[in-house]
Structures are given as structure tokens and as C-alpha cells.
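Asker: return atomic coordinates for the entry below.
(one chain, ligands or ions: 1)
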Amino acid sequence: MPRDLLSVRDLTTRFFTQEGQVNAVEKVSFDVEEGEVLGIVGESGSGKSVTALSLVDLVEDPGRIVTGEINYRNSELAESASENAPDAVDGDFVDVRKLPERHRRALRGPDFATIFQDPASSLNPSLPVGEQIAEAVEVQRRASANPRSTRSRTQSYGLGKFLLGTALPGQGYLTEESKARAIELLELVGIPDPAERAEALPHEYSGGMLQRAMIAQALAGEPELLIADEPTTALDVTIQAQILDILGDIQEETGMTILLITHNLGVIARMCDRVGVMYAGEIVERGSLEDVFDNPVHPYTQGLLGSIPDLESAGGRLQPIEGNVPSLLDQEMEDRCYFADRCPNAMEECLEKPPEFPGPGSPDHAAKCYLADHPYEPEQALPEDYFDDESSDTTVGRDDGKDDASGEGVSADD
Ligand code: SF4
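Answerer: Reported below is the predicted structural model:
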């Protein structure tokens, strides 16, 4: 029976801007089981990337997590935290939000590693790529060699040695062992001539190679959870497929747990065991891959699937989802189903926020939609022009594979 590695409860992250409060992530709950690939899919602005940033405590000002728990199963961490942060510990789980900041920071790398969509801005442009990967290997090596010391102390020690090595040649932070491991990792992710490439600077790498190097750096810490946020978005289609193959092979070989954030349903279908569909800062439907792809309940999920080209019925028209993603400004959000103004089945009861109902299929299947509880009731339908003042005629459907920053929608491309 697989156990949960991560259990997120009611995670709420907001941005406090001059225009007002932006409710980017609203009471999001999900579990990530050990060894699985959980996908989070949604349009631009659905809150999926902010969810990922919240998990690794990288939400920047003016944003912050306002409530919620991020429970991480790690008996060693639970034991050490029981002394200095007993409120954070519940059995083998530690609510990382309740740890002191320096301890939360120390989880990045050995526990939670992240691959972002823009590798060029994630690597130091002035250091050889191999050296940056070797540094991550060294942090992990020292953490493993000092299981009784706190992780933060281990990493501080690493930084001290790094600075000492800079001042006194011969006292280097990086060992031959960690440099050799960095080369192995570059080879693992398919970099040709890895020993030679380890000496190159990031600008000497192509986009696809940089993304591979980012994966190598993330693997260097032997993380418990790999968070991949749109890992293939900035790449062309053939390189995307290669990167997904690498991630899939590594996951199969090591049984690594992956949280995959994407707007691309093709990537979800190819990689994931379970899926959460995000809309307007909420998970509106969740379940196994089969639940969500074969028995979708929420009209938004159905709309996303309707925007996938069907190769068997070439010539058929795609069904875009009419309307706009709603504003997430607190003063403009009504307390109703946020999808109601785009939903072809909106009913009077949808003007009240739907709770989560169980869906058909696996016990894990659930949707925040009244249609999961009972069939559509035409006599309850809202008039077609009910939301006319707030809607526009923009459509969102299949896009060209661009990332969140592009302002594009959800894609079925792979
Ligand atoms: S709750 Fe109502 S408006 Fe919202 S998705 Fe379901 S049917 Fe549509």
C-alpha cells in the first residue's frame, strides 16, 4: 500500500498588491504518494505554479502563504524537529510551514528539488555547469555523512568550506568524488561528452541541454520529491519528448516521487498516475488518470479534453472553452462556482460555491461541481445572458505550448 509522502491541506497563498488582494491559491488540498507522478494541470493564472512555489517556500513579496499545512513524511526530520519545533510534528509527518525558516530552506535540494521552466535563469552564468551540479552533490554527501547534525548545520558547514576553499586554494569545497558524480549525472541525462561539457559555462549550452543540466542538478541531491514546473514548455517538440523520456526513465528506475505542473494534457497523459485539475486557484477535479480522462465530471475538465485534437476523426472541429479565466482579485470574486460564467450547464444552485463531491470510478475521484452529485436540471438553468456584464467573447482552448508567462491557455500538445 503506497504511503503519502506529502499531504497538503487547505493551502492558501495570496498576493497583496496595490490593486488589491489576489487569491492565487485557495484552500488547495492534495496528497502525493511515494513513488507516484502526480500531475497538476490548468490554464495560465490557475495557480498551479504558485502552488509549486508555496511548497518550496519560494513565494516572493507581495505574496505569502496565509494558511494551510504542508505535511511531509520524514521520520529523521520529525525526530530532529520534535526538539525545536514540536508543534510541527505529527508522527512521521512534519508540517514544514511550522519549521524555522532556515530549516525550511535546508529542505530544498536534499528533500524537495525543483526544475523550473527557464533553466537559463536558474543556473549561475559565471560558474561551469559541472561545478554547480557538483556543489549540489556535495551538499547531499555531507548531509548523508552527518545524519545526527541538523540539516541547516550541515549546509552551513558546506557554505563555510566553500568560502574557505575560495580564499585558500587546496581547501576546496568540492571533492573529486562530487565532481565525478556530476559528470555521471550529466551522462545520465544524455549530455554528450559529459566530462568536457562539465567545464562549460551555461551560455555554451543549448536550451535542451540546459534543461537536462537542471534535471542533473535536481537529481544530485537525491531528492525525496522532484517538483517539475513546466519542465518542457520552453523547448521545441522533439526536445520536449526527449526530456520527458529522461524523466520517465529516471522515475521508473529510481521510483522517485514527482509532482508535475503543466498546462499540457499530453504531458499529463504520458507521465502521470493521478491528476489534479486547477481553475481559478482551486483544484476543481482530481482522480486517477483514467478517472479524469475517461469519466470527467467537471465541465471545465470536459472542456479541456474537448480541446484535444482527435487524430481518428481528422477534420472535426475543436471545442474551445468560451469566456475568460476570472479575475482573482478578491473584491471581484463572487462567492459562487468560479466557472459558472463559462459553464454550459450553469444552474441556479451554482451561484453558491459547490463543495467537493465524490465522482465515479476510483475512491480518489472527486469534483467541485454539483453535477458530481446529481444530473443537470434544465429547469434550473441560468439564463444565457446571466453573466453578460462580466464575460467577454475571448476563448481559451488548445494553445501553442507556451508557458504561463505567455498568457496562453491549456494545451493538448506533447
Ligand atoms: S458547479 Fe455548476 S457552474 Fe460550476 S461547473 Fe458545475 S455545473 Fe458548472
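Asker: now do stretch 2-10: distance to the chain's middle.
Answerer: Computed by Cα atoms, centre = their mean, to the nearest Å, the chain-centroid distance of stretch 2-10 equals 14 Å.
Asker: what does the stretch 301-414 of the chain put close to the ligand?
Answerer: When proximity is defined as Cβ under 6 Å from any ligand atom, the stretch 301-414 of the chain approaches the ligand at 337, 339-340, 343, 345-347, 350, 354, 369-371. All C-beta atoms are positioned from the backbone trio N, CA, C, and that covers glycine.
Asker: top of the residues you listed by neighbour count?
Answerer: In terms of neighbours by other Cβ atoms under 10 Å, those top out with Cys337 at 27 neighbours.
Asker: next, the contact list for the residue nearest to it when sequence neighbours are not counted, please.
Answerer: Spatially, and ignoring its direct neighbours in sequence, Cys337 is nearest to Cys350 (4.5 Å; Cβ to Cβ, 6 or more residues apart in numbering). By Cβ atoms under 8 Å, 6 or more residues apart in numbering, the residues touching Cys350 are 336-337, 340, 343, 370, 382.
Asker: residues near Val139, how many?
Answerer: Around Val139 there are 25 residues (other Cβ under 10 Å).
Asker: also Leu6?
Answerer: Leu6: 23 neighbours (other Cβ under 10 Å).
Asker: downstream neighbour of the helix or strand where Ile258 lies in the secondary structure list?
Answerer: Element membership for Ile258 (DSSP states H and E) is strand 257-262. Next along the chain after strand 257-262, taking DSSP H and E as the criterion, comes helix 265-271.
Asker: hmm, the very next helix or strand once past that following helix touching the ligand?
Answerer: Using DSSP H and E, the helix or strand that follows helix 265-271 towards the C-terminus is strand 274-279. No - applying Cβ under 6 Å from any ligand atom, one finds strand 274-279 separated from the ligand by no less than 8.9 Å.
Asker: okay, buried residues for strand 274-279 please.
Answerer: Under the neighbour-count criterion of 16 or more other Cβ atoms under 10 Å, strand 274-279 has 274-279 buried.
Asker: what do you get for stretch 26-44?
Answerer: Buried residues in stretch 26-44 (16+ other Cβ under 10 Å): 26, 28-33, 36-44.
Asker: farthest-apart pair in those, please.
Answerer: Glu33 and Ser44 (27.8 Å; Cβ to Cβ).
Asker: does Pro326 count as helix, strand or coil?
Answerer: Three-state call for Pro326 (DSSP: H, G, I helix; E, B strand; the rest coil): coil.
Asker: check what pLDDT it gets.
Answerer: In this model, Pro326 is scored at 87, pLDDT.
Asker: narrow the buried residues of stretch 26-44 to those in strands?
Answerer: 26, 28-33, 37-42 (DSSP state E).
Asker: okay, the residues you listed in a markdown table with distance to Leu77 and pLDDT next?
Answerer: Compiled in a markdown table, these are given as follows (distance: Cβ to Cβ, whole Å; pLDDT from 0 to 100):
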| residue | distance to Leu77 | pLDDT |
| --- | --- | --- |
| Glu26 | 28 | 95 |
| Val28 | 23 | 97 |
| Ser29 | 22 | 97 |
| Phe30 | 21 | 96 |
| Asp31 | 18 | 96 |
| Val32 | 16 | 97 |
| Glu33 | 19 | 96 |
| Val37 | 23 | 96 |
| Leu38 | 21 | 97 |
| Gly39 | 26 | 97 |
| Ile40 | 24 | 97 |
| Val41 | 30 | 96 |
| Gly42 | 30 | 91 |
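Asker: so can I have CSV of those showing distance to Gly20?
Answerer: Output for those, formatted as CSV (distance: Cβ to Cβ, whole Å):
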residue, distance to Gly20
Glu26, 15
Val28, 21
Ser29, 25
Phe30, 27
Asp31, 32
Val32, 32
Glu33, 37
Val37, 36
Leu38, 32
Gly39, 31
Ile40, 26
Val41, 28
Gly42, 22
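Asker: distance check, Glu135 against Glu253.
Answerer: Here the criterion is Cβ to Cβ, to the nearest Å. By it, Glu135 lies 24 Å from Glu253.
Asker: and for Ala241?
Answerer: Using Cβ to Cβ, Ala241 is found at 19 Å from Glu253.
Asker: neighbour-wise, which of those two wins?
Answerer: Regarding Ala241 and Glu253, a neighbour count based on other Cβ under 10 Å identifies Ala241 as having more, with 15 against 9.
Asker: which strand or helix spans that one?
Answerer: helix 237-254.
Asker: identify the residue nearest the closest residue to the ligand within the stretch 101-250 of the chain in space, chain neighbours excluded?
Answerer: Nearest to the ligand in the stretch 101-250 of the chain, going by Cβ to the nearest ligand atom, is Glu230, at a distance of 25.5 Å. Nearest non-adjacent residue to Glu230, counting by Cβ to Cβ, 6+ apart: Gln117, 3.8 Å away.
Asker: equivalent analysis for Ala218, please.
Answerer: The shortest distance from Ala218 to any non-neighbouring residue, by Cβ to Cβ, 6+ apart, is to Ala113 (3.8 Å).
Asker: doesn't that neighbour lie inside a helix?
Answerer: No - assignment of Ala113 by three-state DSSP gives strand, placing it outside any helix.
Asker: surely it touches Ile227?
Answerer: Yes - counting by Cβ atoms under 8 Å, Ala113 does reach Ile227; the two are 7.1 Å apart.
Asker: around the ligand, which positions in the chain sit nearby?
Answerer: So the chain meets the ligand at 298-299, 337, 339-340, 343, 345-347, 350, 354, 369-371 (Cβ under 6 Å from any ligand atom).
Asker: quick one: which of those sit in helices?
Answerer: Among these, the members found in helices (DSSP state H) are Pro299.
Asker: now for the residues of the chain next to the ligand: which two are most distant?
Answerer: His298 and Met347 (14.0 Å).
Asker: pLDDT for the buried residues of strand 274-279 - can I get that in a markdown table?
Answerer: Shown next, in a markdown table, are those (pLDDT from 0 to 100):
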| residue | pLDDT |
| --- | --- |
| Arg274 | 97 |
| Val275 | 97 |
| Gly276 | 97 |
| Val277 | 97 |
| Met278 | 97 |
| Tyr279 | 96 |
